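S.K.: Provided below are the primary sequence and the corresponding predicted coordinates.
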Amino acid sequence: MTASLRLRAAVVSIVLLAVFLGAWHLATRSTGTAANMSPEYAKLMGMTATQGKSAMPGPLDVGAKLWEHLKRPFYDNGPNDKGLGIQLAFSLGRVMLGYLIAVAIAIPLGFLIGMSPLMSKALDPFIQIMKPISPLAWMPLALYTIKDSSLSAIFVIFICSVWPMLINTAFGVASVRKEWINVARTLEVGNVRRAFTVILPAAAPTILTGMRISIGIAWLVIVAAEMLVGGTGIGYFVWNEWNNLSITNVIIAILLIGVVGMVLDQILARVSRLVTFPE
């Protein structure tokens, strides 16, 4: 039944993709009549005005341009002309660094909050105040204090990643069945060993859910952060190509952002399934 469901879902996905691409192609094909104008003005205006061509590129145009990028993903022709592979590598590096710092802080602190009702009550007001703040609101303060655009982007990734992991870790630790903890106490298992052998395995699915949410938010925020700080990264690439009025490259970047985000999510989803066991 599972294999049949997957096959049917794949067929439906392919049909929906084909319908979307067909509608996109029909919506962007040339429908207007060629305009009569001087050769100099026609050269300036391009095919959009002279041949009735849609300003929005079609799927064939995007596919051809994507193939060009895939053939040379790591070229470097200067500060504003780098391959998509280089841009994605810069973005992934910033995301991973800020994310790992958040992991190193959120999970131990979440264990402390989950295991200590006192710390949970004491820290809850601070968490509830800090959690709703938009990560990009921290960018001006980060640029002013750190004075480095790349490090500021990493800080913004950290600050947006830490809260889902912290809250989910604390919830997962606090939700561990009391019977298991009481058995460990009866066997005189120490606090540290109890945390690693009883609480961590039981709370791991919830912790990884928080990590999965955080990586999605981090990848979302880095694009906006790089648009603000500039320099390198897929977010800067989107903004730079928009300034160059290259809508085709903007669409390609949006597609790659979605694909990379899906891959990151699926990696953590696979890890989450490995540590989830029926009770």
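M.R.: Okay, I see it. Numbering: from 1, shown residues only.
S.K.: Can you give me the distance of residue 234 to residue 98?
M.R.: When distance is defined by Cβ to Cβ, to the nearest Å, residue 234 is 15 Å away from residue 98. Backbone N, C-alpha and C define where each C-beta goes, glycine included.
S.K.: Please read the previous query as pertaining to residue 120.
M.R.: To residue 98, residue 120 is 26 Å away according to Cβ to Cβ.
S.K.: more neighbours, the two?
M.R.: For the pair residue 120 and residue 98, the greater number of neighbours falls to residue 98 (26 against 16), based on other Cβ atoms under 10 Å.
S.K.: Give the helix, strand or coil label for the closest residue to the more buried one other than its chain neighbours.
M.R.: The spatial neighbour of residue 98 that comes closest, neighbours along the chain excluded (Cβ to Cβ, 6 or more residues apart in numbering), is residue 157 at 2.8 Å. Applying DSSP: H, G, I helix; E, B strand; the rest coil to residue 157 yields a three-state assignment of helix.
S.K.: and residue 157, how many neighbours?
M.R.: 29.
S.K.: Next one, pLDDT for it please.
M.R.: Residue 157 carries a pLDDT value of 93.
S.K.: Run through the residues that contact it.
M.R.: Contact criterion Cβ atoms under 8 Å, 6 or more residues apart in numbering gives 94-95, 97-99, 102, 135, 218, 221-222, 225 as the residues in contact with residue 157.
S.K.: repeat that for 6 Å
M.R.: When contacts are counted by Cβ atoms under 6 Å, 6 or more residues apart in numbering, residue 157 is found next to 95, 98, 218, 222.
S.K.: now it: how far from residue 244?
M.R.: 27 Å.
S.K.: ok, now residue 104?
M.R.: On the measure of Cβ to Cβ, residue 104 and residue 244 end up 39 Å apart.
S.K.: What of residue 86?
M.R.: On the measure of Cβ to Cβ, residue 86 and residue 244 end up 17 Å apart.
S.K.: Look at the two and report which has more neighbours.
M.R.: For residue 86 versus residue 244, the count of surrounding residues by other Cβ under 10 Å is larger for residue 86: 17 against 11.
S.K.: buried sites along the helix or strand that one falls within?
M.R.: Secondary-structure element containing residue 86, defined by DSSP states H and E: helix 84-115. When neighbours are counted by 16 or more other Cβ atoms under 10 Å, the buried residues of helix 84-115 are found to be 84, 86-92, 94-95, 97-99, 101-103, 106-107, 109-115.
S.K.: in the protein, which segments are predicted with low confidence?
M.R.: Using pLDDT under 70 as the threshold, the predicted model of the chain has low-confidence ranges 1, 30-55, 277-279.
S.K.: show me the contacts for the residue sitting nearest the centre point of it.
M.R.: Within the chain, the residue whose C-alpha comes closest to the C-alpha centroid is residue 219; the distance, by Cα atoms, centre = their mean, is 2.3 Å. For residue 219, the residues meeting the contact criterion (Cβ under 6 Å, 6+ apart) are 95, 261.
S.K.: same thing with residue 66?
M.R.: Applying Cβ under 6 Å, 6+ apart, we find residue 66 in contact with residue 252.
S.K.: Backbone dihedrals for it, please?
M.R.: Listed backbone geometry of residue 66 is phi -60, psi -40, with angles given as degrees, to the nearest 10.
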